[in-house]
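Undergrad: Sharing a model prediction with you, sequence too.
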Amino acid sequence: MPLNAGEPGYGSMAGAAADLEAAPLLVPEPEAKQSWQPLTKDELEAVAGGSRWRKARSRLVVLFWLCWLAMLGTAVAIIVQSPRPFAERLSWWQRTVFYQLQPGLLLDQHGGTGGVEALCAHLSYIKSLGAGALILEGLFYKGPSPGGSVMNESLMTLPQMEHLLTESNKVGLKVVLDFCELDLSRPVYSANNTKVSPNVSTTEQNSLRLWLEQGVAGFAICDTDPAYSEPTLLEWRAVMKEFSNKDEERIVVVKQTGDSLPVLNISSSVNDTLVDVVMKSILPPSHRIISSSEVATAIEKHLQKVEEDIWTSWMVGGKTSSALQKLLLVLMMTLPGSPAVQYGEEIGNAQGKDKWSALALFKSLTRSKSREEALLFGSFTFIPFNTTSESPSASNSTLVPPSPTSLPILAFLRSWGCVRFLVLLNIGPDPRHLDPNWVQNLPASGVFVTSTGMDRLGSVLLDMLELKPQEAIILKLIKPGSYS
């Protein structure tokens with residue numbers, strides 16, 4: 001390589017190479033001058049279709065609103081024409097649970113002293129159970145000649161009765177006096193054979209006014225009493241109206257002693273109902289423990305002929321086992337009408353932890369009865385069906401029906417609008433599964449509301465449900481696509 005190769009001027013390309021290195025690789029083209037301007041109104045109308053587009057757009061807006069109004073009208077027509085339940089106004093005695101009590105029982109428990117005070121202290125407990133009315137029994141008995149009714153002053157005097165009515169009013173309990181098997185055509189006497197009030201006459205109406213003025217909510221009689229007649233009940237109704245208003249209706253309760261209530265010869269001119277509540281016993285009266293088969297027969301007889309034209313107050317009536325006692329409580333709380341519980345039936349024969357479980361069941365039933373419209377005034381449907389004694393998952397064989405000696409499951413529906421409650425009663429000593437053919441007529445699943453064992457929670461498929469021996473279950477049925 002020559003020594004002078006790096007000197008300036010060496011070779012003919014030295015200057016050209018320097019110029020090439022200094023020149024840019026990409027030469028930008030000269031920028032074009034932008035001339036953007038918005039479209040004019042005429043140009044916009046030309047692009048949008050002109051006046052034709054405005055007419056089309058107006059017609060589309062009108063069509064949209066017409067369609068919307070048509071859908072709204074269709075929805076309103078469907079709602080109006082669809083059958084819907086009418087929430088009738090219920091009186092206090094149609095929404096309540098009656099609690100029957102003999103003050104003498106509390107007197108015996110407290111060693112024969114403090115009977116009235118013990119009863120007043122017991123009022124808060126009765127109210128906590130969910131009861132709304134107290135039926136006092138055994139305060140009167142047939143008086144001496146010339147007749148009449150004697151107030152048992154060993155249990156309660158008139159001033160003590162006034163104190164009891166005041167205390168019951170404080171806790172929100174109404175008091176109904178039981179005059180069953182008494183001759184009310186005579187005045188009410190005290191134990192020393194003197195009238196309770198010397199100013200009242202011997203007329204029956206004034207005797208009623210005496211107690212109504214004290215705040216008594218009503219009276220209970222038997223269908224075998226002389227007072228159970230059209231003339232007497234008409235007179236009673238007239239007296240009741242004097243002390244009644246919208247919130248404080250006074251009632252007449254009749255205890256049915258036989259299989260049916262005697263018919264009154266009510267004239268066509270009488271529009272008012274002479275009897276407000278009819279008390280019926282589910283079980284026949286008996287001094288012995290009634291067997292499971294007799295209980296099943298009695299329940300089925302009542303379920304097949306539930307009357308809706310009279311307001312019924314259901315009582316247990318006879319004696320039965322502790323397990324069936326819980327089942328009967330579930331039945332009373334779910335039948336149409338107002339349940340009537342005797343003192344101590346809320347726990348039956350339970351002791352210790354079982355006592356608290358029985359109380360929890362009773363309170364759960366009264367809570368459901370007071371809140372659910374379907375259980376208050378919903379329609380009643382008795383459901384006869386067959387049962388199976390083998391679990392569907394036990395084998396792949398055909399389900400075998402129970403033997404003829406087995407007791408069936410009894411079931412009924414209480415419905416109000418879209419809400420339906422299914423009540424299942426397994427009175428027999430064996431577990432039972434529902435017949436799949438029968439289950440097909442109902443929704444596939446339901447939610448447990450309560451059960452006699454208080455151990456049922458969540459949802460269940462009806463065809464997989466197993467009822468334990470002598471168990472009662474309340475299910476709220478779920479319709480497909482419904483979340484109620």
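TA: The structure has been received and is ready for your questions. Numbering: from 1, shown residues only.
Undergrad: wait, doesn't H433 sit right on L465?
TA: Yes. H433 is within contact range of L465, at 6.9 Å (criterion: CB atoms under 8 Å). (C-beta placed from N, C-alpha, C; glycine too.)
Undergrad: Domains in the protein, by residue range?
TA: 92-261+272-376, 379-478 (automatic domain parsing).
Undergrad: Distance to M71, mean pLDDT and mean neighbour count added to these, as CSV?
TA: Output for the domains of the chain, formatted as CSV (distance: least, CB to CB, whole Å; pLDDT from 0 to 100; neighbours: other CB atoms under 10 Å):
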stretch, distance to M71, mean pLDDT, mean neighbour count
domain 92-261+272-376, 30, 83, 17
domain 379-478, 23, 79, 17
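Undergrad: Quick one, which of the ones you listed gets closest to G73.
TA: domain 379-478 (23.4 Å; CB to CB).
Undergrad: Redo the domains of the chain as a markdown table? Include distance to L69.
TA: Conversion of the domains of the chain to a markdown table gives the following (distance: least, CB to CB, whole Å):
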| stretch | distance to L69 |
| --- | --- |
| domain 92-261+272-376 | 34 |
| domain 379-478 | 28 |
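Undergrad: Okay, helices next: where are they in the stretch 51-200 of the chain?
TA: 51-81, 92-95, 103-109, 115-128, 158-171 (DSSP state H, counting those that start in this stretch).
Undergrad: do you know which of the ones you listed lies nearest L274?
TA: It is, among those and with distance given as CB to CB, helix 92-95, at 14.8 Å.
Undergrad: Could I get the CA-only coordinates of that closest one as PDB?
TA: Presented in PDB, the C-alpha positions along helix 92-95 are these (Å, rounded to 0.1, in the frame of the first residue of the first chain):
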ATOM      1  CA  TRP A  92    -107.800 -11.800  64.600                       C
ATOM      2  CA  TRP A  93    -109.200 -15.200  65.400                       C
ATOM      3  CA  GLN A  94    -108.500 -16.500  61.900                       C
ATOM      4  CA  ARG A  95    -104.800 -15.600  62.200                       C
END
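Undergrad: Off-centre distance for it?
TA: Centroid displacement of helix 92-95 relative to its chain, using CA atoms, centre = their mean, to the nearest Å, is 13 Å.
Undergrad: sorry, back to before: closest one to V62 among the domains of the chain?
TA: Shortest distance between V62 and those, using CB to CB, is found for domain 379-478: 37.6 Å.
Undergrad: what about the closest one, how long is it end to end?
TA: With CA to CA, to the nearest Å as the measure, domain 379-478 spans 18 Å from end to end.
Undergrad: where's that domain relative to the chain centroid, distance-wise?
TA: For domain 379-478 - counting by CA atoms, centre = their mean - the centre lies 19 Å from the chain centre.
Undergrad: hey, what's I474 bridged with?
TA: Beta bridges link I474 to V423, T450 when assigned by DSSP bridges.
Undergrad: can you pull the contacts of it?
TA: Taking CB atoms under 8 Å, 6 or more residues apart in numbering as the criterion, I474 is in contact with V330, T334, S368, F421, L422, V423, F448, V449, T450, S451.
Undergrad: ok and whichever strand or helix holds the third one relative to helix 115-128, angle-wise?
TA: Yep, that's S368 we're talking about. Assessed by DSSP states H and E, S368 sits inside helix 353-371. The directions of helix 353-371 and helix 115-128 differ by 60 degrees, with axes from the mean of the first three to the mean of the last three CA atoms, to 10 degrees as the criterion.
Undergrad: follow-up on the earlier one: identify whichever of the helices of the stretch 51-200 of the chain lies nearest to V278.
TA: Evaluated with CB to CB, the helices of the stretch 51-200 of the chain place helix 92-95 nearest to V278, the distance being 11.7 Å.
Undergrad: name the helices or strands packed onto that closest one?
TA: Contact analysis of helix 92-95 by 3 or more CB pairs under 8 Å, 6 or more residues apart in numbering; DSSP states H and E lists helix 373-377 as its packing neighbours.
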